[in-house]
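A.B. asks: Okay, here's the prediction I keep looking at, along with the sequence it came from:
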Amino acid sequence: MSNLTITNPFNVLSKREKEVLDLMLQGAQVKDISASLSLKSNTISTFKKSILFKMKVKNNIELFKLAQEHKIV
């Protein structure tokens, strides 16, 4: 079972990145995530870029597919 933990790429995300990810996967836009987490839009955009980079995907669609593969959504 511990091998599943290692192979799940989402485990490398910080707590805040996971919060942003959850909202992204629900379809929230940057401005909505910004309001929800009381952070600036630029900060959310930075988190989003970091998430996409760490997950090695190019866009939200690829991110969503990856999340489905790892049963995040």
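C.D. replies: Received it, and whenever you're ready, just let me know what you need.

A.B. asks: Please, which helix or strand holds the residue nearest the centre of the chain?
C.D. replies: Centroid-nearest residue in the chain: Leu21, 2.7 Å away (criterion: Cα atoms, centre = their mean). Element membership for Leu21 (DSSP states H and E) is helix 15-25.

A.B. asks: angle of the helix or strand Asn42 falls within against helix 15-25?
C.D. replies: Taking DSSP H and E as the definition, one finds Asn42 inside helix 41-55. For helix 41-55 and helix 15-25, the angle between their directions (axes from the mean of the first three to the mean of the last three Cα atoms, to 10 degrees) works out to 90 degrees.

A.B. asks: Distance from the chain centre to helix 41-55, please.
C.D. replies: The chain centre lies 8 Å from the centre of helix 41-55; the measure is Cα atoms, centre = their mean, to the nearest Å.

A.B. asks: Quick one: mean pLDDT for it?
C.D. replies: Within the predicted structure, the mean pLDDT of helix 41-55 is 98.

A.B. asks: continuing past it, what's the next helix or strand?
C.D. replies: Next helix or strand after helix 41-55 toward the C-terminus (DSSP H and E): helix 60-69.

A.B. asks: Put the alpha carbons of that following helix into CSV.
C.D. replies: C-alpha atoms of helix 60-69 as CSV (Å, rounded to 0.1, in the frame of the first residue of the first chain):
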residue,chain,number,x,y,z
ASN,A,60,-6.6,22.3,-16.5
ILE,A,61,-8.0,19.6,-18.7
GLU,A,62,-4.8,17.5,-18.4
LEU,A,63,-4.8,18.2,-14.7
PHE,A,64,-8.4,17.0,-14.3
LYS,A,65,-7.6,13.8,-16.2
LEU,A,66,-4.6,13.2,-14.0
ALA,A,67,-6.8,13.8,-10.9
GLN,A,68,-9.3,11.3,-12.3
GLU,A,69,-6.5,8.7,-12.8
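
A.B. asks: which helices and strands does that helix pack with?
C.D. replies: For helix 60-69, the packing partners by 3 or more Cβ pairs under 8 Å, 6 or more residues apart in numbering; DSSP states H and E come out as helix 15-25, helix 41-55. Every residue, glycine included, has its C-beta placed from N, CA and C.

A.B. asks: and the ones you listed as TSV, adding distance to Thr7?
C.D. replies: As requested, those are arranged in TSV below (distance: least, Cβ to Cβ, whole Å):
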stretch	distance to Thr7
helix 15-25	17
helix 41-55	13
